[in-house]
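Colleague: Below is the sequence, then the predicted model.
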Amino acid sequence: MAIKISIAGLGWWGKVMIERLSRSNKLEIVNLIDPFPDQEALKLAKTNNLEIYKDFDTALNSKTFDAIILCTPNSFHMEQTLKASKLGIHVFCEKPLSLKSFEVKEMINACNQNELVLGVGHERRFEKGWMRLKEIINGNKLGNIMHAEAHFSHDKLANLPADNWRADPEFAPAAGMTGMGVHLTDLMIWLFGPVDKVFASTAKRALKFKTGDVVTASLQHSSGLNSQITAILKTPHYQRVTIWGENGWVELVDSSHPDTPGPSFMKMVMNDGAIKEEKYEWTDTVSANIHNFIDSIQGQNKYLFTDVEKFQNISVLEAIYKSSLSKQNEKVESFN
C-alpha cells in the first residue's frame, strides 16, 4: 500500500519534490502546505489535482497523510517536526535539519518516542559514485586512509539578492555550509566516522552575502584521520573528492546534481601500478532517498542515516560556524 504524504513549503525545492514524487508508485501525494504559494506552485497543484493548505496545523489535523516532507526554511524544522510527531506522522526534513544540535536531538527523540522515522534530505549518499567510494572504504582496498578532501561549488544561489534568507548569517551561517557544505560533512561522516574537532574559515571573494561565499574546514575524525572540505557559492557546478590510502588513491569527479543530470567519473590508482576507471550515469537520488525513507516506514529496511550521523552533521556545522568566527579549533558535541 502506498504511503500518503504531504509536502510543506512550495519554493524551488518543494516544486522539485512534487515533480519527482508524482511519478512514484511507493507513495501518494495527497495535499500541499504553503501560506503564500506563488503562481507556479498553484499551477503545479492544479495539474496534480492537489489541495494547498495555507495553515500548517490545519493540514496536520486533517489526518489525511502518514508522512510529511518539510521543504520549509530550517528555522521552522524543529517546531514542525515536534507537531507532526505528536500526531504520529513520519517526518522527512530537508537539510539542514536545524542549525542547532540541541534542536536536532529533540527532533530525533520525539520521533523515536513515537516510533516514527525521521528522514533527512542528503540525497548525495544515493549517488552511484559515492556508494562505490563507500564500498571501497569498507572493503579496505586502500588500506589505512591517510587523508581525504572534498570540494563542492555551485552558482545556483549566486544571483540571490543579498537580503535573501539564504544569504543571512542567522539562517545560513558560514557561507555555503547550509546549502552545499552540509552535504560534504554528511559524506565525510558516513565514510570516515565521527568528527571530534574542526577548524574553519570563510571568505568574501565575489558575492555581497554577509555570510561570505567560500568556506573551508578541516575535520579531525575520532579515528585520527584529518579530512578537508571546501564549498564555493559563485562558480558553476563542480564536485570532486580525493581519498589517499596507504595502498593507493581514488578520486571521484561528480558532475551530477538533482536538477542538472550528468555522469560521474572515478579513477583509482594503486601502488602496484594498477589503474581502474569507472563511469556512473545520473540516477534520481532525490526519489531514492525518499523511497528509502518510505521503505523504512513500512519495515522493509533500515533507514540509511543513523541518529548519531544526523546529530553529528549539525554539531559539525555548529562547530564550523564557531571556528569561522573564533579562528580557533572548535570541539564537536557528541550524541548521547
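Modeller: Yep, that arrived. Source: prediction; values computed, not measured.

Colleague: count of residues packed around T72?
Modeller: 22 (other Cβ atoms under 10 Å). C-betas here are computed from N, CA, C, even on glycine.

Colleague: ends of stretch 266-281, how far apart?
Modeller: 12 Å (Cα to Cα, to the nearest Å).

Colleague: Going by neighbour count, which residues in that stretch are buried?
Modeller: Using 16 or more other Cβ atoms under 10 Å as the test for burial, stretch 266-281 gives M266, M268, M270, Y280.

Colleague: contacting residues for the second one?
Modeller: This means M268. Residues in contact with M268 (Cβ atoms under 8 Å, 6 or more residues apart in numbering) are I136, K141, G248, W249, V250, E251, I275, K276, E277.

Colleague: right, and the fourth one touches I145 too?
Modeller: No - taking contact to mean Cβ atoms under 8 Å, the distance of 10.1 Å between W249 and I145 leaves them out of contact.

Colleague: mind listing the helices for this protein?
Modeller: 12-21, 39-47, 56-61, 77-86, 101-113, 128-138, 182-192, 285-297, 307-326 (DSSP state H).

Colleague: Contacts only, for H122.
Modeller: Here H122 is in contact with K95, V182, H183, D186, L187, N289, F305, N313 (criterion: Cβ under 8 Å, 6+ apart).

Colleague: let's see it at 7 Å
Modeller: Residues near H122 by Cβ atoms under 7 Å, 6 or more residues apart in numbering: K95, H183, D186.

Colleague: Next: L207.
Modeller: A158, D213, L233, K234.

Colleague: Check the one residue sitting closest to the centre of the chain and give its pLDDT.
Modeller: Closest residue to the average C-alpha location of the chain: H122 at 2.9 Å, with Cα atoms, centre = their mean. Predicted confidence (pLDDT) for H122: 96.

Colleague: L160 now?
Modeller: 78.

Colleague: hang on, the earlier thing: please identify which of the contacts of M268 is nearest to S201.
Modeller: For those, the closest approach to S201 (Cβ to Cβ) belongs to E251, at 24.5 Å.

Colleague: Report the beta-bridge partner residues of the nearest residue to that closest one once chain neighbours are set aside.
Modeller: Setting aside the residues directly before and after it, E251 is nearest to T242 in space (Cβ to Cβ, 6 or more residues apart in numbering), at 4.5 Å. As for beta bridges, T242 partners with E149, E251 under DSSP bridges.

Colleague: Hmm, W249 and T242 touching each other?
Modeller: Yes - judged on Cβ atoms under 7 Å, T242 makes contact with W249 at a distance of 6.5 Å.

Colleague: Show me the domain layout of this structure.
Modeller: The chain breaks down by automatic domain parsing into domains covering 3-123, 124-282+304-331.

Colleague: what about the last one, start to end distance?
Modeller: Domain 124-282+304-331 has an end-to-end distance of 26 Å (Cα to Cα).

Colleague: How far does that domain sit from its chain's centre?
Modeller: Mean-position distance between domain 124-282+304-331 and its chain equals 11 Å (Cα atoms, centre = their mean, to the nearest Å).
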